[in-house]
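> With the sequence up front, the predicted model follows.
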Amino acid sequence: MFVTMMMMDQMLDLPPPLSNEVPMMHHVINGDAPQQVILVQVNPGETFTIRTEDGALQCIQGPAEVPMMSPNGSIPPIHVPPGYVSQVLEDNTGLRRVVVMPHSECYPPSYSPALSPSHHIHPPYLTHPHFIPASHTSYYPPVSPGDVPPHQFYQHRLPPIYPEEIIPLYNISTFMGHEEYCKPPPKKLKQPVERTSLSQVTSPLSNSYKNTTACTTTANGYGKSHSSPGGGGGGGGGSPGNKRPDRRVSNVQSRSALVSWTSVSVSGSSGRVPSCGYELQLKDKGRDGKYKVVYSGEELQYTLNDLRPATDYHVRVSTVCNSVKGPSSDARAFTTHSDPPDTPLPPRLSHRTKSSLTLQWKPPADNGSKITNYVLEWDEGKKNSIFREYYVGHQRHCKVMRLCPAVGYTFRVAALNDIGTSGFSTEVLFYTTGSLPQTSLPPRLVQTGPSWVTLEWTRPNSCSTEEVVTYTLEMQDETKGLDFQAVYSGLELNRKVESLRRNTQYKFRVSEWCSAPSSLLVCKTTPDRPGPPVNPAVNTVTYHSFCVTWEPPQDDGGSGDLTYVLEISEGNSEGRQWATLYRGPERKHLCEDRKPATSYSLRLSCVNVGGQSQCSDDLTVCTHIPPPGRCQPPSIVGNVKHREMTLQWDGPLCGEESENVEFSLEMCAMEEGSEPTEVYCGCKAECTVGNLLPGTTYRFQVRAANSAGYGPYSESVEISTAAGPPGQCSPPAINVTSHTCAEVTWENKESSGIDISEYRLDWGRDLDSLELVYSGTETYFQISNLEASTDYCCRLQAVNQAGAGPYSDLVTCQSPAAAPDVVSGFRLVDHPLNPTESEPFSHSTSLALTWDEPHCNGAEMTSYSISVGDSIITTGNVTCHIIRDLLPDSEYSLQIRAENEMGPGPFSQTLTVRTRPLPPSPPRLECAAVGPQSLKLRWGFSSRSQLTEDTTYVLQMEDRNQRFVVVYRGPSHTFKLQRLSESSRYRFRIQAVSEAGEGPFSETYTFCTTKSLPQTLKAPRVVQLEGNAREVTWESIPPMRGDRISYVLQVLGGREADYKQVYKGDETSFQLSGLQWNTDYRVRVFACRRCADTLQELCGSFSPSAHFNLRRSDATLAVEADVTRVPMGSTLTDEQFAGLMVFGVASLSVLMAFLLQLLI
């Protein structure tokens, strides 16, 4: 048994009792004091006992719901059987629930087990359904909307609270077997069945009871699989037997889920595979527990739609073969996702005053997510369908204050949860209390237009002149809806309403502030002036009538009734007058009885209630002229020729109309089957007809035409042409007998009245080169001296006394191919045109030949044959060839011929050639002189008989890239190479060239340059020391290519004839001691290079000598100027002294020569 209660702040209008219900205990209702509504649900088989005011006990048999109210908010005493207690549970919505259970049972997981079941504990209220019918179903809809406060309305199923431990007062078997309550947990599952998602219940109470281990049937996200007995046994006929398809639930959404299963292979008794289908069954846990077939077919998946959010479902699949149903699979449970709340019912008015409205609303289905807020919107009494938020919160009631009396306000409500926002409820209108003021007078229509109306109204008589009255003018546009929209609000007593649609009905009413609207004024805007008709056109024009059509105007002015006005004017002058030709609703008109060949101007307009439109643009039409009459027969002008004649005729018309007349001349031959043809069409009454046959009769007739059409033909006349030259001959036939001869034949041409006197045959290679080759009466001719494989053409012409006829069509032919012509340009060349590196060319043993390609005579050239004495050498299709392995300095006679597919041609004239002698052998190469940077080479010859005065030598040296380059070419036998590197190896080879040709290269010779000597040093410098000691210094030389440099110092003193070596080493200075006073000394130095590889010492030249002497008389002996520099005074160096001697001898020689010249 469940008892649900809630606190209210005012009197509630409760509904009448349902079936099997007791009347409301009205004696407990106590005015406006805080009251508590208690709903007692009595299940079937149970008894609920109530103690009345007089102390008597009243028993109520279930099923029934008993609404009770408590004036002081306390719970009345509830009698329970021995061993049971009543526990009060309360949630955050203010709803209490009394649960009757055994004294030792566990508590819901959302409540602390320390709570006592006594009545003095006040936990949060829990929601409970209102007026639950006495049924085992889990859904409890309300009796009627608006009967119970919205926070009391509950649409969710009863949560599974201790399904097996809830014991009714007198009968426990009532709840056994109901699907709403969970079964006890199984002893042991062989294999847990995975659920697609955790179970999500649809009420806060079920969430609080979720995931309990002692009182629920699910643990760790797994649910119990329920199997239903299958329908088929095993056997024949292709029954499914005990095979069950495996199923899986995926893509679970709030209102859909995808169920898929595996196929089951079934074999029949005859070995054939029968056709099997699948049957998908769905069970809603909140229903009566029965499975419902939702799909039957052969597919292996199915999408479940129209599911409820946050609801537990079970699915199972069975196989059906040949109308035999197999056992169902294990049930798979899944829970749909949460969704935004359902759209709530419209708010209900619970209380109203002159300035306030108290609204309540019922909570909609939260779809698995608790409702967090409600949004109440209103139109502020403006009735313009524009809503604004007034309240946002979790309460399900709201008091709207500061309202005007007797004014209607429109409200709507929406619910929010963590998933989203529901749709707004249906709009509902509530009025505040108060007496309505006097109804205003309706507005009056002053003036109306296509897009505006002017209205006025009078001031109410009840208002004083000092009172300020605000007027509101409202308008109803039926095209936009039935609501009135305010178009003006102010103090004026008139208003011009603009931006209206033309020819449209509107309703107006006016009201003062806080007064009822006036009665309606229905008025209609006037139509506007229409636009001009569009697309006027003229068709079916004749010479006396035409038809005019047009389209309705794009703007009809708001009125569909249009009258069209068609006006006509003759001519195009500016001062023309217009006459109304048609006036009516039709959109076309036939204009008759018009003048032929006359120009008319048309214009259109249309008229409706709003007025007449502007005229359309002028449309010009010209009537046709009538067809012309019969012409006079044609007659001959001048003499008739054999190919042409000139005809003339008189036309049927005259005056101005004859200028636009055309004539058509028709000709027909007199032969049977000939059809007439038009030979002339023009404005002139004369023409020349050509391309006629000589001596032929023709029939002519003529007719006239104008814009109206053709007139009748004239009478026919027969005229014959004169005799003329022959006609065109048939093309001649050509028979080519050989590549040099052809026969031409032709047929005898019939004459054009005169016999043919001769035939003329032109022959040539093309049209420009045709020449007359035959003239006579025969019908054949033989042509010779033709060229092989050449195109020729010919034509034939017949001649009589009247003249020569036209040439026949050009006939072409081609002479057959023949052997090639004689080869020309057979000659000897010095160098081959196509040399090959593999076989070097030698003028002593080879001959390089070339020739011009002859005419192939229509067949492709295949080869050439060269006759060398008694032998024949065959080459390919080339124009050059090298004959090898010949004797040096020998004479040969050569001939050549060409060959093609037709055979060999004739030999050419004899060519006498001679091979050159053998080229000279290379001489022996020797090194005549070697230096550090130069090599002087010389060469001789091994066979002097081969060498002549014109022999040239080619000396080549190998470079760094190991390629030989020419360093000398000439007749000399020596050559000196400069600017070489010291101590480097160089490779050379030499070749002798003479008139006989280039000889072979010699073997490679290797020569090496020597090492360079050290450079000559400058004169040493002498520095005075103390006493008779002197220090000699000289310049230093860097190492040469890694070889060390040493220095040798020599001194010449007094009367000594030879220098003496006083120092040898690496230093650049040396001190001389023990020198004699008043003695002249000379010092010199030279450098020596110590070769590291050969241990050889290379010495350079002596430096210039430095001179100095020691004098005893001076304390500090001055050294002469040439000690530190080259002597420029009385003491000269050896070079200076030698130069001075040369200058003196030369001067003396010049003087003696001058004296001898004077003496002579």
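Cool, the structure landed. Numbers count the residues shown, from 1 in each chain.
> pretty sure Y680 is in a strand, no?
Yes. Counting by DSSP: H, G, I helix; E, B strand; the rest coil, Y680 is part of a strand.
> can you give me the helices in the chain?
With DSSP state H as the criterion, the chain has helices at 204-208, 1121-1124, 1134-1159.
> so what's the residue lying closest to P553 once chain neighbours are set aside up against?
Using CB to CB, 6 or more residues apart in numbering and skipping the chain neighbours, the partner closest in space to P553 is G531 (3.9 Å). From N, CA and C alone the C-beta is placed, and that goes for glycine too. Shown in contact with G531 (CB atoms under 8 Å, 6 or more residues apart in numbering): P553, Q554, D555, D556, G557, C606, S613, Q614.
> Just the buried ones from the residues you listed, in PyMOL syntax?
The following PyMOL line selects those of those that are buried, judged by 16 or more other CB atoms under 10 Å:
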select buried, resi 553+556+557+606+613
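> Kindly reformat the contacts of G531 as CSV containing pLDDT and distance to T336.
Below are the contacts of G531 laid out as CSV (pLDDT from 0 to 100; distance: CB to CB, whole Å):
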residue, pLDDT, distance to T336
P553, 89, 61
Q554, 84, 57
D555, 82, 58
D556, 81, 58
G557, 80, 60
C606, 91, 66
S613, 87, 66
Q614, 87, 69
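> for the contacts of G531, which one is nearest R1055?
Q554 (145.0 Å; CB to CB).
> And the closest residue to the closest one other than its chain neighbours, what's its pLDDT?
Once flanking residues are discounted, Q554 sits nearest to G531: 5.6 Å by CB to CB, 6+ apart. Looking at G531, its pLDDT reads 87.
> before we move on, what about the one 10 residues further on?
According to the predicted model, the pLDDT of V541 comes to 86.
> Does it touch I625 like I think?
No. V541 lies out of contact with I625 (CB atoms under 8 Å); the separation is 11.4 Å.
> how much space between the residue nearest to P553 and V954?
108 Å (CB to CB, to the nearest Å).
> now do T879
Here T879 is placed at a distance of 32 Å from V954 (CB to CB).
> Who has more neighbours out of those two?
Neighbour count, other CB atoms under 10 Å: between T879 and V954, V954 has more, with 19 against 16.
> what pairs with the more buried one across the strands?
Beta bridges link V954 to R969, Q991, judged by DSSP bridges.
> wait, what's in contact with T336?
For T336, the contacting residues are 200, 252-255, 257, 307-311, 313, 368, by CB under 8 Å, 6+ apart.
> again, only using 6 Å
By CB atoms under 6 Å, 6 or more residues apart in numbering, the contact set of T336 is S254, L307, P309, T311.
> what do you get for D650?
D650 sits in contact with Q632, where contact means CB under 6 Å, 6+ apart.
> Retrieve the pLDDT associated with it.
D650 is assigned a predicted lDDT (pLDDT) of 89.
> again, but for K936
93.
> For the most centrally placed residue in the chain, give its distance to D418.
Taking CA atoms, centre = their mean, the centroid of the chain lies closest to N251, which sits 34.4 Å from it. Per CB to CB, N251 is found 22 Å from D418.
> cool, and L833?
Taking CB to CB, one finds L833 at 98 Å from D418.
> how about E758, what does it touch?
S775, G776, T777, V799.
> Name the nearest residue to it, sequence neighbours excluded.
Counting by CB to CB, 6+ apart, V799 is the residue found nearest to E758 once chain neighbours are left out, at 5.1 Å.
> if we can go back for a sec, make JSON lines out of the helices of the chain and add mean neighbour count and distance to I50.
Converted to JSON lines, these look like this (neighbours: other CB atoms under 10 Å; distance: least, CB to CB, whole Å):
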{"stretch": "helix 204-208", "mean neighbour count": "21", "distance to I50": "26"}
{"stretch": "helix 1121-1124", "mean neighbour count": "19", "distance to I50": "151"}
{"stretch": "helix 1134-1159", "mean neighbour count": "10", "distance to I50": "159"}
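> can you list those helices in TSV and add distance to E718 and mean pLDDT?
Shown next, in TSV, are these (distance: least, CB to CB, whole Å; pLDDT from 0 to 100):
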stretch	distance to E718	mean pLDDT
helix 204-208	119	34
helix 1121-1124	145	38
helix 1134-1159	136	86
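> And the ones you listed: which comes nearest T862?
helix 1134-1159 (86.5 Å).
> and that closest one, what does it pack onto?
Applying 3 or more CB pairs under 6 Å, 6 or more residues apart in numbering; DSSP states H and E, we find helix 1134-1159 packed against no helix or strand.
> Show me what the residue nearest to E758 bridges to in the sheet.
E758, A804.
> Against S757, how distant is it?
Counting by CB to CB, the gap from V799 to S757 is 6 Å.
> try I882
Separation of I882 from S757 (CB to CB): 67 Å.
> More neighbours: which of those two?
Between I882 and S757, counted using other CB under 10 Å, I882 has the larger neighbour count: 17 against 14.
> my guess is the more buried one contacts L833, does it?
No. In this structure, I882 is not within contact of L833 by CB atoms under 6 Å, at 9.3 Å.
> Tell me how far the residue nearest to S519 when sequence neighbours are not counted lies from W457.
In this structure, S519 finds its nearest non-sequential neighbour in P442, 4.5 Å apart by CB to CB, 6+ apart. Computed as CB to CB, the P442 to W457 distance reads 7 Å.
> any chance you could map the strands in the stretch 751-900 of the chain?
For the stretch 751-900 of the chain, strands defined by DSSP state E, counting those that start in this stretch occupy the ranges 756-764, 771-776, 780-783, 791-800, 803-804, 811-814, 824-829, 847-852, 861-868, 871-875, 880-883, 891-900.
> which residues are contacting the second one?
Translated: strand 771-776. Identification of contacts with strand 771-776 by CB under 6 Å, 6+ apart yields E758, R760, L761, D762, W763, G764, F781.
> before we move on, what about the shortest one?
When contacts are taken as CB under 6 Å, 6+ apart, the neighbours of strand 803-804 outside the stretch itself are P725, Q797.
> picking up where we left off before, put together a markdown table for the helices of the chain, with distance to L665 on each row.
As requested, these are exported to a markdown table (distance: least, CB to CB, whole Å):
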| stretch | distance to L665 |
| --- | --- |
| helix 204-208 | 109 |
| helix 1121-1124 | 134 |
| helix 1134-1159 | 127 |
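> now for those helices, which one comes closest to H397?
Taking CB to CB, helix 204-208 is the member of those nearest to H397, at 19.2 Å.
> Any regions of the stretch 251-400 of the chain where pLDDT drops low?
265-274, 285-289 (pLDDT under 70).
> try the stretch 501-650 of the chain
In the stretch 501-650 of the chain (pLDDT under 70), the answer is 513-515.
> switch the cut-off to 80
Applying pLDDT under 80 to the stretch 501-650 of the chain flags the ranges 512-516, 543, 558-560, 571-576, 610.
> Could you do the stretch 651-800 of the chain as well?
Ranges of the stretch 651-800 of the chain meeting pLDDT under 80: 653-660, 694-695, 707-708, 723-725, 727, 749-755.
> how far away is K292 from R316?
11 Å.
> hang on, I meant S1073
S1073 sits 132 Å away from R316, going by CB to CB.
> Name the residues that touch stretch 383-391?
Identification of contacts with stretch 383-391 by CB under 6 Å, 6+ apart yields L376, E377, W378, D379, C398.
> 8 Å - rerun?
Residues from elsewhere that reach stretch 383-391, judged by CB under 8 Å, 6+ apart: 374-380, 398, 400, 408, 410, 412, 481, 483-486.
> What is the burial count for D339?
Residues lying near D339 (other CB under 10 Å) number 21.
> got the residue ranges for the strands in the stretch 451-600 of the chain?
Along the stretch 451-600 of the chain, the stretches classed as strands by DSSP E, counting those that start in this stretch are 453-456, 471-476, 484-490, 494-497, 505-512, 521-524, 534-539, 546-551, 563-570, 579-584, 588-591, 599-608.
> Report the buried residues of stretch 634-644.
Judged by neighbour count using 16+ other CB under 10 Å, the buried positions of stretch 634-644 are P634, H642.
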